[in-house]
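Student: only geometry, no sequence info:
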Ligand code: NAD
């Protein structure tokens with residue numbers, strides 16, 4: 001790697017980005033970011049406390065009148081500049097993301113970073129297209145129109161699995177619509193969210209439009225959600241934490257956007273292209289070491305293809321190369337932490353008593369034993385109501401089950417509390433359309449699993465949350481509509497006043 005990102009140098013001023021400046025957190029507690037590929041500490045920083053959250057919210061509040069009052073064209077120009085700065089720094093972002101997450105460098109370079117730049121470019125354009133209904137005379141005596149307005153200060157909380165993309169997904173639609181924001185990334189992965197905010201400043205966005213507090217969920221996170229000057233909470237993370245966030249946000253009557261966990265079904269009908277389904281399942285299950293809310297986690301395969309699918313997936317999983325994230329030939333990096341690796345291993349270990357571990361089910365030894373690695377794992381013969389089938393594992397683990405009729409396959413696909421993503425594999429257009437209609441999820445892919453687009457919405461059904469990231473649909477979350485009504489009659493005594501004055 002030529003262009004190594006020097007974390008210590010870059011964040012020696014602290015890891016809170018407030019009003020366009022880095023500063024140390026004041027909670028009195030520190031966190032050490034650990035490289036999950038080696039177990040080595042990379043950088044220790046002072047966590048944000050409630051005072052830092054207050055300062056960040058104050059900076060966002062002060063920036064709001066100017067930023068929300070800018071013209072759409074001015075915000076668009078600023079976001080185009082932001083996209084250009086992100087593109088110039090692409091290699092630094094890829095390096096930092098791989099360092100803090102253990103992502104294979106090819107994933108950071110080809111997925112996380114270009115996706116983020118594309119998102120910034122998309123919202124630069126979309127900032128000029130905040131539309132509403134046309135004005136009209138709905139009762140004949142008045143003219144009504146809609147104003148679409150920014151909400152105010154948005155408090156956003158993000159997870160560790162795609163720190164850069166999550167920063168982009170939370171921040172860009174919010175600021176394109178004229179809001180200002182305080183983002184709290186996960187404690188484990190602060191670097192690229194901070195760099196993202198710094199890049200915005202370099203591009204000329206006003207101080208205070210994007211602020212980042214890097215603190216723990218319980219104190220900095222809850223304080224941000226409950227803050228009286230925060231008008232909206234947008235949260236991406238697990239369903240249990242999302243429920244807690246919802247309680248706090250609801251108590252202060254805030255607008256709420258929740259992107260929560262997933263347990264995506266991968267439904268293979270008996271006319272599917274088997275080779276495509278096998279490759280799609282392995283790639284869809286292992287992307288980001290399975291730490292992806294849309295990852296393929298439950299493969300349901302119609303009986304005639306079942307045995308060939310199981311042996312094909314196992315063989316392909318065994319060919320995946322685990323290794324140093326900075327080795328360009330590495331396919332799969334470690335999990336985010338040793339704690340996450342142990343959680344995944346415990347689910348697989350419990351599954352041994354009720355299912356068959358076809359491949360994987362262990363941490364690699366040898367050169368990788370000091371990192372949080374876990375082998376790609378395929379579990380067969382688990383019951384539909386078992387933990388491995390029902391609960392989010394968030395690791396490189398795929399569960400496979402057979403089904404007989406199409407009705408049964410679709411019913412099984414819908415049989416978890418989650419509803420974020422899904423896929424259907426078939427060459428029959430009627431089956432494909434039926435699956436897209438009947439699967440209860442925010443996304444149904446047909447003959448693929450994982451691709452996302454800036455132009456298309458991402459969001460959940462059921463316990464996977466509500467609201468949309470990306471696309472013009474995200475503006476529904478980050479704007480509020482106001483009805484403006486003008487009287488056209490110019491009469492002092494209106495017809496409707498009879499309800500008050502009678503015939504006087
Ligand atoms: P998590 O829920 O543990 O944490 C997410 C964020 O919430 C972190 O910043 C954390 O510090 C903060 N937090 C924790 N407790 C809090 C509290 N009491 N109040 C306020 N904030 C609090 O999730 P994670 O382990 O970081 O990420 C993995 C989860 O995220 C998975 O469930 C995954 O499915 C989900 N996820 C969902 C999407 C989506 O788009 N739906 C995308 C990525 C990840």
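Tutor: Yes, it's here. Treat the numbers as computed from the prediction; the structure is a model and nothing was measured.
Student: rest of the way, CA atoms for contacts and neighbours
Tutor: Fine.
Student: all strands for the stretch 101-250 of the chain, in order.
Tutor: Here the stretch 101-250 of the chain has its strands, by DSSP state E, counting those that start in this stretch, at 142-150, 153-157, 180-184, 210-212, 232-236.
Student: what does the third one contact?
Tutor: Spelled out, that is strand 180-184. Judged by Cα atoms under 8 Å, 6 or more residues apart in numbering, the contacts made with strand 180-184 from elsewhere in the structure are 56-57, 60-61, 63-64, 67, 152-158, 167, 170-171, 174-175, 208-215, 220-221.
Student: Among the residues you listed, which are located in helices?
Tutor: 56, 57, 60, 61, 63, 64, 67, 167, 170, 171, 174, 175 (DSSP state H).
Student: hmm, back to that, which of the contacts of strand 180-184 come close to the ligand?
Tutor: The residues of the contacts of strand 180-184 that also fall near the ligand, by Cα under 6 Å from any ligand atom, are 157, 158, 221.
Student: Closest one of the residues you listed to the ligand?
Tutor: Proximity of these to the ligand was ranked by Cα to the nearest ligand atom; the top entry is residue 221 with 3.8 Å.
Student: gap between the residue nearest the centre of the chain and the ligand?
Tutor: In the chain, the centroid-proximal residue (Cα atoms, centre = their mean) is residue 166; its distance is 4.8 Å. Counting by Cα to the nearest ligand atom, to the nearest Å, the gap between residue 166 and the ligand amounts to 7 Å.
Student: re the thing from before, name the nearest of the ones in helices among the contacts of strand 180-184 relative to residue 372.
Tutor: Of all the ones in helices among the contacts of strand 180-184, residue 372 sits closest to residue 167, with 24.3 Å by Cα to Cα.
Student: What is the burial count for that closest one?
Tutor: Neighbour count for residue 167, taken as other Cα atoms under 10 Å: 24.
Student: Surely it touches residue 159?
Tutor: No - the criterion here is Cα atoms under 8 Å, and residue 167 misses it with residue 159 at 9.3 Å.
Student: quick one: common contacting residues for the two?
Tutor: Listed as contacting both residue 167 and residue 159 by Cα under 8 Å, 6+ apart are residue 185.
Student: could you pull out the helices for the stretch 301-450 of the chain?
Tutor: Secondary structure of the stretch 301-450 of the chain (DSSP state H, counting those that start in this stretch): helices at 303-318, 338-351, 387-390, 406-413, 429-438.
Student: about what we covered before: could the ones in helices among the contacts of strand 180-184 go into a markdown table alongside pLDDT and distance to residue 46?
Tutor: A markdown table is the format used below for the ones in helices among the contacts of strand 180-184 (pLDDT from 0 to 100; distance: Cα to Cα, whole Å):
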| residue | pLDDT | distance to residue 46 |
| --- | --- | --- |
| 56 | 99 | 15 |
| 57 | 99 | 19 |
| 60 | 99 | 21 |
| 61 | 99 | 24 |
| 63 | 99 | 25 |
| 64 | 98 | 27 |
| 67 | 98 | 30 |
| 167 | 98 | 20 |
| 170 | 98 | 24 |
| 171 | 98 | 23 |
| 174 | 98 | 27 |
| 175 | 98 | 27 |
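Student: so which of those would you say is closest to residue 477?
Tutor: The nearest one, if we look at the ones in helices among the contacts of strand 180-184 relative to residue 477 and count by Cα to Cα, is residue 174, at 8.4 Å.
Student: neighbours of residue 399, just the number please.
Tutor: Burial of residue 399 is recorded as 25 neighbouring residues (other Cα under 10 Å).
Student: How about the contacts made by it?
Tutor: Each residue near residue 399 by Cα under 8 Å, 6+ apart is listed here: 297, 298, 299, 378, 379, 380, 382, 388, 389.
Student: among those residues, who's most crowded?
Tutor: Across the contacts of residue 399, the neighbour count under other Cα under 10 Å reaches its highest value at residue 297, namely 34 neighbours.
Student: Pull the contacting residues for residue 81.
Tutor: With contacts defined as Cα under 8 Å, 6+ apart, the neighbours of residue 81 are 203, 204.
Student: Which positions in the stretch 251-400 of the chain make contact with the ligand?
Tutor: By Cα under 6 Å from any ligand atom, the residues of the stretch 251-400 of the chain that approach the ligand are 259, 260, 261, 262, 293.
Student: Surely the fourth one and residue 414 touch.
Tutor: Okay, so that is residue 262. No - Residue 262 lies out of contact with residue 414 (Cα under 8 Å); the separation is 11.9 Å.
Student: Same drill for these two, tell me which one is more crowded.
Tutor: Relative neighbour count places residue 262 above the other of residue 262 and residue 414, with 32 against 18, counting by other Cα under 10 Å.
Student: which SSE is that one in?
Tutor: In this structure, residue 262 sits in neither a helix nor a strand according to DSSP states H and E.
Student: what sits against it?
Tutor: Residue 262 makes contacts with 293, 294, 295, 392, 418, 419, 420, 421, 464, as judged by Cα under 8 Å, 6+ apart.
Student: can you pick the most crowded of those residues?
Tutor: Among the contacts of residue 262, the one with the most neighbours (other Cα under 10 Å) is residue 295, at 32 neighbours.
Student: For that one, give me the pLDDT.
Tutor: For residue 295, the pLDDT comes out at 98.
Student: Just confirm it contacts residue 280, I think it does.
Tutor: No - contact between residue 295 and residue 280 fails when scored by Cα under 8 Å: they sit 10.6 Å apart.
Student: Please enumerate the shared neighbours of these two.
Tutor: With contacts defined as Cα under 8 Å, 6+ apart, the residues shared by residue 295 and residue 280 are residue 449.
Student: give me the low-pLDDT residue ranges for the stretch 51-200 of the chain?
Tutor: Within the stretch 51-200 of the chain, no range satisfies pLDDT under 70.
Student: Get me the contact residues on it for the ligand.
Tutor: For the stretch 51-200 of the chain, the residues in contact with the ligand under the definition Cα under 6 Å from any ligand atom are 157, 158, 159, 160, 184, 185, 186, 187.
Student: Take those and lay them out in TSV including neighbour count.
Tutor: As requested, those are exported to TSV (neighbours: other Cα atoms under 10 Å):
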residue	neighbour count
157	29
158	28
159	20
160	19
184	29
185	29
186	21
187	22
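Student: what's the span of stretch 490-498 from first residue to last?
Tutor: Using Cα to Cα, to the nearest Å, the span of stretch 490-498 from its first residue to its last is 17 Å.
Student: List the contacts of that stretch.
Tutor: By Cα under 8 Å, 6+ apart, the list of residues contacting stretch 490-498 from outside is empty.
Student: Please apply the same query to stretch 451-468.
Tutor: Defining contact as Cα under 8 Å, 6+ apart, one finds that stretch 451-468 is touched by 115, 118-119, 122, 239, 257-262, 417-421, 440-443, 469-474, 477.
Student: ok now that stretch, how far from the chain's centre?
Tutor: Averaged C-alpha coordinates place stretch 451-468 at 9 Å from its chain's average position (Cα atoms, centre = their mean, to the nearest Å).
Student: Next: stretch 318-330.
Tutor: In terms of Cα atoms, centre = their mean, the centre of stretch 318-330 is found 25 Å from the chain centre.
Student: now stretch 68-84
Tutor: Using Cα atoms, centre = their mean, the distance from the centre of stretch 68-84 to the centre of the chain it belongs to is 23 Å.
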